[in-house]
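Peer 1: The following comprises the amino acid sequence and a computationally predicted model.
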Amino acid sequence: MTNRTKYLATLAAAVGALALPLLAGGDSAAGGASKDHVTGSVRYAPANAQAWVSAHSDADGANAYGRFRLVQGSQEWRCRVTCLSVNGNRAIVGGEVLRRDGSVSGGFYQFIEDNGSPGTTDRSVTRFLSQPPTDCNVTFVNGLQVTGGNCVVQDN
């Protein structure tokens with residue numbers, strides 16, 4: 001075996017060893033913990049509204065982060081996710097409603113029930129609060145049946 005062949009064989013083994021945790025479904029090559037998440041968008045015909053969500057947290061709900069956006073008619077709310085609670089196919093996303101300058105103007109909860117693809121049997125509703133929530137440990141509220149889009153709730 002030549003030096004070049006030995007080098008290439010060693011390099012291939014190293015790359016393969018780094019890729020194994022990713023292929024096995026881990027979050028990182030360092031073996032990170034599983035994450036809960038909610039991603040997608042929904043449309044509500046009667047309310048003339050559309051919402052987008054990308055919320056993530058550790059499996060126990062810690063370290064939540066992400067974005068939520070709701071547009072209804074000419075109004076738009078942009079929000080920062082600060083809490084996430086996932087139980088099976090149901091999720092509660094909460095956080096801060098942001099002004100245009102980035103300051104906080106209040107809080108929100110988004111309740112999402114994922115009933116599979118294509119998403120037209122999903123249910124979702126937004127509740128605005130005068131202050132941002134401190135956690136998402138609240139009673140789940142049944143939402144409106146969506147008319148379009150699809151949200152995926154992942155409980156790990």
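Peer 2: Nice, I can see it.
Peer 1: C-alpha only now, for contacts and for neighbours.
Peer 2: Noted.
Peer 1: Identify the bridge partners of the nearest residue to G66 once chain neighbours are set aside.
Peer 2: Leaving aside its sequence neighbours, G66 sits nearest to A55 (C-alpha to C-alpha, 6 or more residues apart in numbering; 4.4 Å). Beta-bridge partners for A55, by DSSP bridges, are V38, G66.
Peer 1: Quick one: residues contacting A55.
Peer 2: In this structure, A55 makes contact with 37-39, 64-68, 81, 84, 93, judged by C-alpha atoms under 8 Å, 6 or more residues apart in numbering.
Peer 1: If we use 10 Å, what do you get?
Peer 2: Going by C-alpha atoms under 10 Å, 6 or more residues apart in numbering, A55 touches 36-40, 64-68, 80-84, 91-94, 153.
Peer 1: Please report how far the residue most central in space within the chain lies from A45.
Peer 2: For the chain, the residue nearest the mean C-alpha position is A55 (2.5 Å; C-alpha atoms, centre = their mean). Between A55 and A45 the computed distance is 24 Å (C-alpha to C-alpha, to the nearest Å).
Peer 1: cool, N142 as well?
Peer 2: Distance from N142 to A45, by C-alpha to C-alpha: 17 Å.
Peer 1: what's the answer for S57, then?
Peer 2: 30 Å.
Peer 1: Compare neighbour counts for those two and give me the winner.
Peer 2: Counted by other C-alpha atoms under 10 Å, S57 and A45 do not tie: S57 has more neighbours, with 23 against 12.
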